[in-house]
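In: need a structure here:
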Amino acid sequence: MKHIDILLKEYGNLFQEKLIHKQSIRKLKGYISYLTSILSLSLTFMGMSTTDIFKTGFSNNGMPYFISHFSDIFILISIPFTPIVLLVASFAINDLFQIYVIGTQIGNVEQKINTLANSNLLLWEHHVCPVVYGGGQIDRLKPIKNIIILNDAYIFFPFVYGLIVVTLFFGGRYIALNNMGIYALYAFINLYFLGAFLLIGKELLNVVKADSSLSDIMYVLNSALQRYPKAK
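Out: As a prediction, the model looks like this:
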């Protein structure tokens, strides 16, 4: 088997593995069911159900009961909210890291294939992605802003962190009024998770940049391209 055939096969295998991690991130929407389960358990604990809410909760007779128990229901939801959200988000971080590592290797394979074929056949992972997603720059052209990161920075993360602050306050306040020892443990666990999540997220941000350590690895690997024989 020729060198270029081996590289093309590896290129396809890596791309399939990358798609698996992308699909895993898309499945995060399914994890919203965790929060739905928390809501259902909270309602059950208070002797209610979602059916009760729709049938009687908002009726004239049921509204007073629902209002009187709303704060208790919200507190029960708030207590596990932060650790579950951060746990689910950690799954996405793992997949994103895998995607960028695999993408870096695919870019390296692309350049090897181009060298063997003596043509720029493949450009996506090593040329387009670093510019579009990593903030890279081509000659004197301005770098393209990553819309995904902007959306996360200005909409998604502020919304999630706002919810986390609110739920931590109400959940922690309820625990503190009942048991300070449990509250100290609860606060420590959540603050640890938050700090670890921010630290890991910062490291991930460094990985996705065009001038990251992954790019340095690609440069070292590509420096050996001249040792590969040309395709006949």
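In: secondary structure element for the closest residue to residue 121 other than its chain neighbours?
Out: Closest residue in space to residue 121, ignoring its immediate chain neighbours: residue 114 at 5.8 Å, by C-beta to C-beta, 6 or more residues apart in numbering. (Glycine included, C-beta is placed from N, CA and C.) Following DSSP states H and E, one finds residue 114 within helix 63-117.
In: who touches stretch 13-20?
Out: Stretch 13-20 has contacts (C-beta atoms under 8 Å, 6 or more residues apart in numbering) with 98, 99, 102, 103, 105, 106, 109.
In: among those residues, which ones are buried?
Out: When the contacts of stretch 13-20 are checked for burial by 16 or more other C-beta atoms under 10 Å, the buried set is 98, 99, 102, 103, 105, 106, 109.
In: can you pull the contacts of the fifth one?
Out: When contacts are counted by C-beta under 8 Å, 6+ apart, residue 105 touches residue 14.
In: again, 10 Å this time
Out: Going by C-beta atoms under 10 Å, 6 or more residues apart in numbering, residue 105 touches 10, 11, 14, 17, 18, 125, 214, 217, 218, 221.
In: put together a markdown table for those, with secondary structure and pLDDT on each row.
Out: Output for these, formatted as a markdown table (DSSP: H, G, I helix; E, B strand; the rest coil; pLDDT from 0 to 100):
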| residue | secondary structure | pLDDT |
| --- | --- | --- |
| 10 | helix | 88 |
| 11 | helix | 86 |
| 14 | helix | 90 |
| 17 | helix | 90 |
| 18 | helix | 90 |
| 125 | helix | 85 |
| 214 | helix | 74 |
| 217 | helix | 71 |
| 218 | helix | 66 |
| 221 | helix | 64 |
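In: nearest to residue 181, of the residues you listed?
Out: Taking C-beta to C-beta as the measure, residue 181 sits nearest to residue 214 out of the contacts of residue 105, at 44.7 Å.
In: and the closest one, how far from residue 163?
Out: 32 Å (C-beta to C-beta, to the nearest Å).
In: of the two, who's got more company?
Out: residue 214 (22 against 14; other C-beta atoms under 10 Å).
In: helix or strand with the lowest mean pLDDT in the protein?
Out: helix 50-52 (a mean of 56; mean pLDDT, DSSP states H and E).
In: any idea how far the helix holding residue 114 is from the chain center?
Out: Mean-position distance between helix 63-117 and its chain equals 3 Å (C-alpha atoms, centre = their mean, to the nearest Å).
In: quick one: the helix or strand where residue 165 lies to helix 63-117, angle?
Out: For residue 165, the host element (DSSP H and E) is helix 157-178. Angle, helix 157-178 to helix 63-117, by axes from the mean of the first three to the mean of the last three C-alpha atoms, to 10 degrees: 140 degrees.
In: and helix 157-178, which residues are buried?
Out: Across helix 157-178, burial judged by 16+ other C-beta under 10 Å covers 164, 167, 168, 170, 171, 172, 174, 175.
In: now that helix, how far from the chain's geometric center?
Out: Put simply, helix 157-178 sits 21 Å off its chain's centre (C-alpha atoms, centre = their mean).
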